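**Student:** 3D, please:
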Amino acid sequence: MAGTNALSAAQMVAGFERGDLSPVEVTRDVLDRIDACEPRIAAIWHQDRDAAMAAARAAEARWHAGDPIRVGGVTLDGVPVTIKENIATRGLPMPLGCAASDLTPRTEDAPPTARLREAGAVFVGHTTMPDLGMLSSGLSSFHRLTRNPWNTAMNPGGSSAGAGAA
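**Tutor:** The predicted structure follows:
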């Protein structure tokens with residue numbers, strides 16, 4: 001399934017509907033791409049490959065049963081997504097790009113995380129950000145400097161440095 005990591009969410013869903021694509025294979029392709037790029041890019045601060053693959057297998061089972069999760073007639077079931085680190089995710093700390101942050105794992109999902117989870121999206125990683133999202137340079141006291149994937153001599157800058165690079 002080389003190249004599925006470059007498809008849009010709509011293209012992935014269409015492929016899942018036709019049976020041409022598998023959420024498991026797409027997720028594996030995206031995770032492999034992250035693994036290949038992450039040492040140079042530093043866009044992802046947390047990744048749980050086992051949880052991502054489990055979510056992809058569950059989505060694939062729903063697609064095979066003809067019963068993907070639909071919310072308002074729309075589905076993201078099996079689509080890999082990243083979440084910015086300042087959006088709470090149950091069970092994970094929320095460092096906010098800052099070395100002085102409280103790293104106590106969150107007890108609840110923030111609404112965007114909860115809605116993505118309810119829609120069957122597959123979390124493939126949580127992206128980096130600068131300290132408290134305030135440095136347009138993208139510099140962080142908690143993370144390595146995120147690099148621009150098109151030119152690693154540069155950084156993507158902004159509060160969504162990791163999300164932009166991912």
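
**Student:** Can you pull out the low-pLDDT segments for this structure?
**Tutor:** For the chain, applying pLDDT under 70 flags the ranges 1-2.

**Student:** in it, which spans are helices?
**Tutor:** Defined through DSSP state H, the helices belonging to the chain, from first to last, are 9-18, 23-41, 49-64, 111-118, 161-165.

**Student:** How about Ile74: what's its closest non-neighbour residue?
**Tutor:** Let me fix one detail, which is that residue 74 is Val and not Ile. The shortest distance from Val74 to any non-neighbouring residue, by Cβ to Cβ, 6 or more residues apart in numbering, is to Ala119 (7.9 Å). Any C-beta I mention is one placed from the backbone N, CA and C, and that applies to glycine too.

**Student:** ok, how many other residues are close to the one you found?
**Tutor:** With neighbours defined by other Cβ atoms under 10 Å, the count for Ala119 comes to 18.

**Student:** What of Asp35?
**Tutor:** As a burial measure, the neighbour count of Asp35 was computed by other Cβ under 10 Å and equals 12.

**Student:** Could you do Ala61 as well?
**Tutor:** Counted by other Cβ under 10 Å, the residues lying close to Ala61 total 14.

**Student:** is it true that Phe123 touches Ala55?
**Tutor:** Yes. Assessed by Cβ atoms under 8 Å, Phe123 is found in contact with Ala55 at 6.9 Å.

**Student:** Leaving out the residues flanking it, which one is nearest to Pro23?
**Tutor:** That would be Gly78: by Cβ to Cβ, 6+ apart, it lies 2.9 Å from Pro23.

**Student:** now do Gly157
**Tutor:** Per Cβ to Cβ, 6+ apart, closest to Gly157 is Gly138, 4.6 Å.

**Student:** separation between the residue lying closest to Thr152 once chain neighbours are set aside and Ala165?
**Tutor:** Using Cβ to Cβ, 6+ apart and skipping the chain neighbours, the partner closest in space to Thr152 is Arg40 (5.5 Å). Relative to Ala165, Arg40 is positioned 10 Å away (Cβ to Cβ, to the nearest Å).

**Student:** likewise Ala153?
**Tutor:** 13 Å.

**Student:** Compare those two and say which one has the larger neighbour count.
**Tutor:** Neighbours were tallied for Ala153 and for Ala165 using other Cβ under 10 Å; the higher tally belongs to Ala165 (25 against 6).

**Student:** Could you pull up the residues touching the nearest residue in space to that one that is not next to it in sequence?
**Tutor:** Nearest-residue entry for Ala165: Ala43, 3.9 Å, with adjacent residues in sequence omitted and distances by Cβ to Cβ, 6+ apart. For Ala43, the contacting residues are Cys37, Gly125, Thr127, Thr128, Thr146, Pro149, Ala161, Gly162, Ala163, Ala165, Ala166, by Cβ atoms under 8 Å, 6 or more residues apart in numbering.
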